[in-house]
Structure formats: C-alpha cells, structure tokens
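Enquirer: How does the following fold in three dimensions:
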Amino acid sequence: MLLRWPLEHSITTVHFTESAGLESTEHQFMSKLDPSTTTVIPFLVEQIRNLIWDGTLLPGAQIKQADLAKKYNISHIPIREAMRILEADGLLENFPNKGVRVAPLSTVEMQEVTLEIVGLLSVLLPHAVPHLKPESFAKMSTLAREMDRPDVPPETHLEFWMMLVGPSQLPHLNSRLLQLIWRGGRYFKAGGKVIFTEMAEVHPNREDMLAACKLGDIQAALVAIKTFFRVRIDLYTSRHLKSLPPIEWR
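Expert: All right, here's what the predicted structure looks like:
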C-alpha cells in the first residue's frame, strides 16, 4: 500500500457505513456495545484504535461524531471523550472548524516515538528483567518471531511488550509504553510490515534484545533495541517519507 503524502490537502472522510467496508466492525461493535454502562468509552477507543492500526482509517481520515452517534445510537458525550483519549495518545488531531482526523505520518513522530520507547525501556528493564522467568523468555521469543509477520494482530505486539516490562511494577510507565506502541503501529499499514518482514533476520533483532536481557545485560539490550529501530526506520523513511527531512539519530 502506498503512503498518501502530503495529507494536508487530501483528507479522506470516513463515514461509518457499509460502503466504507466496516460491516464486520459494526457487527462486532453492536454485539458488545451497551450505552448504559461505562464500557462505552473504552470500547469506542479500542475500536477506533484498531481501525487506525489495521489501516482502515488512514492518516488524514476525518472522523465525524455525528456518524458515530447515529450509527451506534449513542450520545456525543462518550464519543468526544473517546476522541480526547485518542488525541492525547497522538492518534487523532482536532482542528477547530475542521473536525477530527487521524494524525498524519512524519519522520519527527517516528523519531520521537522511538526515542521515547528506548528511554522508557531504559527505566523499565532494570526493574523488570530480574523478575522474568525462563518460561516468559520462551514465550516472548515465540512472539518476537510472530511480530514480523504481515498479518500479525496488535495484540501480539502488546503481549510481547507487556510480558517484557510488566514485572517492573511501574504501571504508569507501562501504560505510556503501550500508548507509544499503538502510535508506532499505525505506520505498519503504510509499508512498515513489509520492511519488518524483509528484515526479520537482520541483526540486532528482538531476540538479540531478549538474549541480552536473559543474561542480565541491560545496556546491551538497550543498544540492540535502539539499533533494531534505527535500521528499520531509516529504511522505512527512505521508501515512504522521502519528502520529509531525514531523522538525525544521536
């Protein structure tokens, strides 16, 4: 799939109708949605986030509250709150008099997300690694290999990272890491999955990071994961974001 860039002058409006190709999503949504409970907001967040991750909602796609409210027979209040959460996560942008749209892709965001992930891991890994068990490493190794498949669901990525840092017992930082994983994940449908699949055997990879963690060498693990991201993101940028300034890695 080609990345549509720039998006400022080409905004796709997504109406939540059958013609938009969301029949299965509607069915799943309606089977779970209960406007009388407090689960409406997190469920809306989950649904929109998944549509962004899998490429149904492309960067620049406009999301109309009225469409969601009519489609699912709910008020605008939970919709606005869900959108605020996704805006805080960096997945949506709200422009006065222009509405809400999926945030565009940029090398700046890619750099910020990657550097923040590495920074968080530098804090989380020293707390988490001493508590990881051999069976956890075996499971994460399996997940690491699956994560390079084009059809891998977001749950696989989230499970991998939460297994790795969950034992840190730093829930707020863990939650922030998940936000960043969601932000980075939306690049996959714009060609990222192809690149990660092509480079599955290029080292260092996630399994090299796990091997370092298993030895208790946190510094080596951080170097491995930073290099892992840098090599792949540089290739991604050269292919899909050519019109933007290159990332300056420090």
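Enquirer: packing partners for the helix or strand hosting residue 234?
Expert: Element membership of residue 234, judged by DSSP states H and E, is helix 218-240. With contacts taken as 3 or more CB pairs under 8 Å, 6 or more residues apart in numbering; DSSP states H and E, helix 218-240 sits against helix 107-128, helix 192-198, helix 206-214. For every residue, glycine as well, the C-beta is placed using N, CA and C.
Enquirer: Report the distance from it to the chain centre.
Expert: 16 Å (CA atoms, centre = their mean, to the nearest Å).
Enquirer: Could you check the helices and strands packed on helix 218-240 and tell me which one is nearest residue 167?
Expert: Among the helices and strands packed on helix 218-240, helix 107-128 comes nearest to residue 167, with 4.5 Å by CB to CB.
Enquirer: Determine the next helix or strand in the C-terminal direction from that closest one.
Expert: helix 134-146.
Enquirer: picking that back up, output the helices and strands packed on helix 218-240 in CSV, with mean neighbour count, distance to residue 51 and mean pLDDT appended to each entry.
Expert: Listed next are the helices and strands packed on helix 218-240 as CSV, based on neighbours: other CB atoms under 10 Å; distance: least, CB to CB, whole Å; pLDDT from 0 to 100:
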stretch, mean neighbour count, distance to residue 51, mean pLDDT
helix 107-128, 18, 19, 90
helix 192-198, 18, 16, 70
helix 206-214, 20, 26, 95
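Enquirer: Please convert those helices to CSV, extending it with distance to residue 84.
Expert: Listed next are the helices and strands packed on helix 218-240 as CSV, based on distance: least, CB to CB, whole Å:
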stretch, distance to residue 84
helix 107-128, 19
helix 192-198, 27
helix 206-214, 33
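Enquirer: Just the pLDDT at residue 137, thanks.
Expert: For residue 137, the model assigns a pLDDT of 96.
Enquirer: Over to the one 3 residues further on?
Expert: With respect to pLDDT, residue 140 scores 96.
Enquirer: Leaving out the residues flanking it, which one is nearest to it?
Expert: Distances taken as CB to CB, 6 or more residues apart in numbering place residue 163 nearest to residue 140, at 5.3 Å, with adjacent residues excluded.
Enquirer: before we move on, what about residue 228?
Expert: Using CB to CB, 6+ apart and skipping residues adjacent in sequence, the residue nearest residue 228 is residue 204, 5.3 Å away.
Enquirer: Surely residue 109 and residue 233 touch.
Expert: No - in terms of CB atoms under 8 Å, residue 109 does not count as a neighbour of residue 233; the distance is 10.8 Å.
Enquirer: which stretches of the chain aren't confidently modelled?
Expert: Applying pLDDT under 70 to the chain picks out residues 1-38, 188-193, 240-250.
Enquirer: got a list of what the residue nearest the centre of the chain touches?
Expert: When CA atoms, centre = their mean is applied to the chain, the residue found nearest the centroid is residue 182 (1.9 Å). For residue 182, the contacting residues are 49, 52, 53, 89, 91, 154, by CB atoms under 8 Å, 6 or more residues apart in numbering.
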